[in-house]
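**Q** fold the following and give me the result.
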Amino acid sequence: FILLSTAVRSFEAGVVASMMPAIRQGLQLTYTSQGNVAGSPDYGIVPSGLLAMAIFKRFTPFSVLTIGYFVISAVSLACALLPSLHTLVAARAIGGLCWGL
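**A** Now for the predicted structure:
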């Protein structure tokens, strides 16, 4: 799971980086907003360590990681269906939180 999570995270970062001109144009982002979009997974990764300690004491690692992947899929789908700056930043932050687990 760790290798899969790292591979998915790297792929996602590459996709967002290569698609940033189209995302900027589609959502009419400013330079600062682009930085927020690019850095938003870090908003979720930072507290994930503390959250992981509490979650992994109560649940098995397999179930936590499986649920985490479903959450990432759900927020990605929400971002695709409701394209806006706030949805994109929130989806990437929640995805970062799940990847950090």
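
**Q** check which helix or strand Gly44 maps to.
**A** Using DSSP states H and E, Gly44 sits in helix 31-58.

**Q** show me what that helix is packed up against.
**A** In terms of contacts (3 or more Cβ pairs under 8 Å, 6 or more residues apart in numbering; DSSP states H and E), helix 31-58 is packed against helix 2-27, helix 85-100. All C-beta spots, glycine's among them, are computed from the backbone N, C-alpha and C.

**Q** now the angle from that helix to helix 85-100?
**A** For helix 31-58 against helix 85-100, the angle by axes from the mean of the first three to the mean of the last three Cα atoms, to 10 degrees is 40 degrees.

**Q** pLDDT on helix 31-58, on average?
**A** Mean pLDDT, helix 31-58: 86.

**Q** and whichever helix or strand comes after that helix with helix 2-27, angle?
**A** Using DSSP H and E, the helix or strand that directly follows helix 31-58 along the chain is helix 61-81. With the same axes, to 10 degrees as the basis, helix 61-81 and helix 2-27 are set at 10 degrees to each other.

**Q** only alpha carbons, please: show helix 61-81 as CSV.
**A** Output of helix 61-81 as CSV, limited to C-alpha atoms (Å, rounded to 0.1, in the frame of the first residue of the first chain):
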residue,chain,number,x,y,z
PRO,A,61,-4.1,-0.6,8.6
PHE,A,62,-5.7,-2.4,5.6
SER,A,63,-9.2,-1.0,6.4
VAL,A,64,-7.8,2.5,7.0
LEU,A,65,-5.9,2.6,3.7
THR,A,66,-8.8,1.1,1.8
ILE,A,67,-11.2,3.7,3.2
GLY,A,68,-8.5,6.4,2.5
TYR,A,69,-8.4,5.4,-1.2
PHE,A,70,-12.2,5.6,-1.4
VAL,A,71,-12.2,9.0,0.2
ILE,A,72,-9.6,10.2,-2.3
SER,A,73,-11.7,8.9,-5.1
ALA,A,74,-14.8,10.6,-3.8
VAL,A,75,-13.2,14.0,-3.4
SER,A,76,-11.7,13.7,-6.9
LEU,A,77,-15.1,13.0,-8.3
ALA,A,78,-16.6,15.9,-6.4
CYS,A,79,-13.9,18.1,-7.8
ALA,A,80,-14.6,17.0,-11.3
LEU,A,81,-18.4,17.5,-10.9
